[in-house]
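Enquirer: prediction below, plus the sequence it came from.
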Amino acid sequence: MNLKFALIVLAVFSLLLFSATGPVHCERTMSLTVCQELVNSARGYEARSAYHNRVAKTLMSQIQTMAKQPNTSATVSAMDTLFSQYDENRVMERKYMDLYRQVSDEANNCMKSLQ
């Protein structure tokens with residue numbers, strides 16, 4: 001009977017020991033994972049913003065090249081199209097940069113809450 005009682009006490013003690021440390025470690029790991037996902041999202045938004053910035057700069061150089069050509073209906077139409085694409089890319093750049101700032105702040109707050 002003593003051996004059976006000792007095994008039960010040992011099993012209960014082991015379960016209490018592992019159950020007390022498991023969720024705490026798991027919760028911190030999950031929180032770090034969420035913070036890392038926020039950082040990755042922020043980097044993605046920053047990269048998309050930079051892409052739209054590069055496209056807008058390329059479009060502006062195309063607009064400047066087209067402006068040197070004689071004014072015909074075809075060049076005016078092409079410049080209008082380029083200007084609209086330029087405007088769209090600048091808007092997208094601003095939106096992604098705003099998202100980058102927002103998610104970056106959330107990631108910083110997440111990391112501060114873990115410390």
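Expert: Arrived safely, thanks for sending. Residues are numbered from 1 along each chain as shown.
Enquirer: what sits against the residue nearest the centre of the chain?
Expert: The centre of the chain sits closest to S41, judged by Cα atoms, centre = their mean, with a distance of 1.1 Å. Each residue near S41 by Cβ atoms under 8 Å, 6 or more residues apart in numbering is listed here: V103, A107. Any C-beta I mention is one placed from the backbone N, CA and C, and that applies to glycine too.
Enquirer: give the next helix or strand downstream of the helix or strand hosting A42.
Expert: Secondary structure assignment for A42, by DSSP states H and E: helix 2-67. Scanning forward in sequence from helix 2-67 by DSSP H and E, the next helix or strand is helix 73-114.
Enquirer: I figured A56 hits S84, correct?
Expert: No - with the criterion set as Cβ atoms under 8 Å, A56 and S84 do not qualify as a contacting pair; they are 11.9 Å apart.
Enquirer: of the two, which one has the most company?
Expert: Here A56 and S84 are compared on neighbour count by other Cβ atoms under 10 Å; more neighbours surround A56, at 18 against 11.
Enquirer: ok, that one - contacts?
Expert: If you count contacts by Cβ under 8 Å, 6+ apart, A56 has them with Y86, N89, R90, E93.
Enquirer: again with R90
Expert: R90 touches H52, A56, counting by Cβ under 8 Å, 6+ apart.
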